[in-house]
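In: from the sequence below, what's the structure:
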Amino acid sequence: MLSCVHANSQEMHLYGDGARCTKGHRFEISVSYDDTSVTLKAQETLDNVYVVIKDFDGNIIYNGWTTIDKTSNTITMPEEEGIDKYTIEVYVDEECMKGYFD
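Out: Numbers count the residues shown, from 1 in each chain. Have a look, this model is predicted:
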């Protein structure tokens, strides 16, 4: 299942109807961002989460495996001149949640 969200404020939520954690609860990932970082949080701990951040031209800015929990996980963004739109893909098990922000 794919969920897609657009935000042009400083926070968005990624979720999908079929997105469930191992306990069977629907999960939601909170994404906040500024010019230098992206922060991911979840109410329940999500292990083995694969995150991909791309600029709007499709160039990969960040990709890697992480754990997302209540305390947050911060990804430092590179200092790129003139880039103001990004996409984020978050893969949890077989679920893919995608959003974009500017």
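In: output the below-cut-off pLDDT ranges for the chain.
Out: Flagging of the chain using pLDDT under 70 yields the residue ranges 1-27, 80-83.
In: isn't W65 up against V49?
Out: Yes: counting by CB atoms under 8 Å, V49 is a contact partner of W65 at 6.9 Å. All C-beta atoms are positioned from the backbone trio N, CA, C, and that covers glycine.
In: more neighbours, these two?
Out: Under the criterion of other CB atoms under 10 Å, the comparison of W65 against V49 puts V49 first, with 20 against 10.
In: mind telling me what element that one is part of?
Out: Element membership of V49, judged by DSSP states H and E, is strand 46-55.
In: now do the buried residues in that strand.
Out: By 16 or more other CB atoms under 10 Å, the buried positions in strand 46-55 come out as 46, 49, 51-55.
In: ok, what's across the strand from the residue nearest to I75 when sequence neighbours are not counted?
Out: What sits nearest to I75 in space, not counting adjacent residues and going by CB to CB, 6 or more residues apart in numbering, is V38, at 4.7 Å. Beta bridges link V38 to Y33, I75 when assigned by DSSP bridges.
In: distance check, V38 against T71.
Out: Going from V38 to T71 by CB to CB, to the nearest Å gives 15 Å.
In: comparing the two, which residue is more hemmed in?
Out: Using other CB under 10 Å as the criterion, V38 and T71 rank with V38 on top: 20 against 8.
In: was I right about the more buried one contacting P78?
Out: No: using CB under 8 Å as the test, V38 is too far from P78 to be in contact (11.5 Å).
In: could you give the number of residues near E44?
Out: Based on other CB under 10 Å, the number of other residues close to E44 is 13.
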